[in-house]
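Novice: need coordinates for the following:
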Amino acid sequence: MKPSQGTRIGRIFADGRQIDEALRSAVREAIRTHQKRNAPVVVWRDGHTALVSARKLTTPSTVPSKRKAVSRRGR
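Specialist: Predicted structure coming up:
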């Protein structure tokens, strides 16, 4: 059954941003959980599954932001 464009769920699927953010959030949480348990993460690499140490993976929360701080002076 395909969601209608006029329904709330139809608009969410058509736009896709909420779905993308939910997936990113789930991946961050899964990596954090694996890091805490020192468990490998299964990833898709070169057409095959591979086990990768969760400690080698980075999430946005573990990587320093690349954004420059904006000075509020002169505003």
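Novice: can you pull up the most central residue in this structure?
Specialist: R24 (1.8 Å; CA atoms, centre = their mean).
Novice: lowest-scoring secondary structure element of this structure by mean pLDDT?
Specialist: Least confident helix or strand of the chain, by mean pLDDT, DSSP states H and E, is helix 8-15 with a mean of 87.
Novice: the next helix or strand after it packs against which elements?
Specialist: Using DSSP states H and E, the helix or strand that directly follows helix 8-15 along the chain is helix 17-37. Packed against helix 17-37 by the contact rule (3 or more CB pairs under 8 Å, 6 or more residues apart in numbering; DSSP states H and E) you find helix 8-15, strand 40-45. (Each C-beta comes from the backbone N, C-alpha and C, glycine too.)
Novice: next, format the ones you listed as TSV and append mean neighbour count and distance to R32.
Specialist: Formatted as TSV, the helices and strands packed on helix 17-37 follow (neighbours: other CB atoms under 10 Å; distance: least, CB to CB, whole Å):
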stretch	mean neighbour count	distance to R32
helix 8-15	11	26
strand 40-45	12	11
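Novice: to A54, which of these lies closest?
Specialist: Proximity to A54 (CB to CB) singles out strand 40-45 among the helices and strands packed on helix 17-37, at 5.0 Å.
Novice: that closest one pairs with which strands, and in what direction?
Specialist: strand 48-53 (antiparallel) (DSSP bridges).
Novice: what does the strand it pairs with rub up against?
Specialist: Applying CB atoms under 8 Å, 6 or more residues apart in numbering, the set of residues contacting strand 48-53 from outside is P40, V41, V42, V43, W44, R45.
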